[in-house]
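Undergrad: From the sequence below, what's the structure:
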Amino acid sequence: MIERKNADQLAAMSASGKLTAAMHEHVREAIKPGVSTKHIDTLAETFYVKHGAVPIFKGYGGSLGGQPGFPGTLCTSINNEIVHGIPSDHRILEEGDLIKIDAGCALNGWVSDSAATWIVGRDGVVAPDRSTDAGRLVAICRQSLWAGIAQAREGNRLGDIGHAIDSIAQAEQMGNVRDYVGHGVGRALHEDPQVPHYGRPGRGIKLMAGLVIAIEPMFNLGTHDTKTLDDDWTVVTADGKWSAHWEHTVAITPDGPWVLTARSDEPEHPEPDFVWQY
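TA: Model (predicted):
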């Protein structure tokens, strides 16, 4: 069932979103060669707990007396890993690696969810070099996220979001992952509706004020096909080529999209003609 949030609930979700945005900026400073993904994960967990939030990924998918669930506060996915990479003391970042940081928290019961992709070393965490395959991949995927956000307006339909994202993937000849999609967000990490990153304009449910969704395109340099590793979590590209992932939690309002997880270098209320550019 799709649940629309009222003004007070959106304000609470905004507080959660701002905390996740701040957490991303906090851990981004640690993304350097020689650093383990477990160290970055610990920084994130400490940050969330210090600010009274619950890391929503940790233990996700577990059950009483059964599976323990996801072991990290962050999903830290490197190079050809698309999503759900497990933080580890043994995963050491190297110059030029492409790392995806996916994170979320619950603050006063309200969830936020956001992901970013950075290139380790040099100025990769600020502006990727678009003359390289990795830099172009990171930049184009982020551009597609904002193209999707631009369509997240009252009266549009879900297909408008997916079409905007997929049009960029096709124009740039990148694999647009279809096995994993965006989703509603609220008191739970995953709510209705599902938000595909492909589709036909004018199709799908109508977007109404109060709907909150996570839009999260994942682009690959090769095929869009995926496979899951033996740890039952880490998803990688089927052909071994690199992948990028960007995500924001977005509220539909009468005045346009409200990007609840916008970082300091991003607009919280983008204009209708906004296009992301590094």
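Undergrad: Flag every buried residue along stretch 196-212.
TA: Applying a neighbour-count criterion of 16 or more other Cβ atoms under 10 Å, one finds P196, H197, Y198, G199, G204, L207, A209, G210, L211, V212 buried in stretch 196-212. In short, each C-beta sits where N, CA and C put it, glycine included.
Undergrad: which element is the fourth one on?
TA: So the one you mean is G199. In this structure, G199 is located outside every helix and strand according to DSSP states H and E.
Undergrad: Tell me how far it lies from V259.
TA: G199 sits 21 Å away from V259, going by Cβ to Cβ, to the nearest Å.
Undergrad: And for the first one?
TA: Separation of P196 from V259 (Cβ to Cβ): 20 Å.
Undergrad: Counting by contacts, list what the helix or strand hosting L19 packs against.
TA: Take DSSP H and E as the rule and L19 turns out to sit in helix 7-28. The criterion is 3 or more Cβ pairs under 8 Å, 6 or more residues apart in numbering; DSSP states H and E, and the helices and strands that helix 7-28 contacts are helix 37-50, strand 98-107, strand 110-119, strand 248-253, strand 256-259.
Undergrad: Now it: average pLDDT?
TA: The predicted model assigns helix 7-28 a mean pLDDT of 98.
Undergrad: Touching it from outside, list them.
TA: With Cβ atoms under 8 Å, 6 or more residues apart in numbering as the test, helix 7-28 has contacts from 5, 40, 43-44, 47-48, 51, 53, 74, 101, 103-114, 116, 118, 125, 185-186, 210, 212, 249, 251, 253, 258-264.
Undergrad: list the buried ones in that helix?
TA: Applying a neighbour-count criterion of 16+ other Cβ under 10 Å, one finds 9-10, 12-14, 16-24, 27 buried in helix 7-28.
Undergrad: Specify the angle between that helix and strand 110-119 in degrees.
TA: Regarding helix 7-28 and strand 110-119, their directions subtend 30 degrees when assessed with axes from the mean of the first three to the mean of the last three Cα atoms, to 10 degrees.
Undergrad: What are the boundaries of the strands in the stretch 101-250 of the chain?
TA: In the stretch 101-250 of the chain, the strands defined using DSSP state E, counting those that start in this stretch lie at 110-119, 175-176, 182-184, 191-195, 212-215, 218-220, 226-228, 235-237, 243-245, 248-253.
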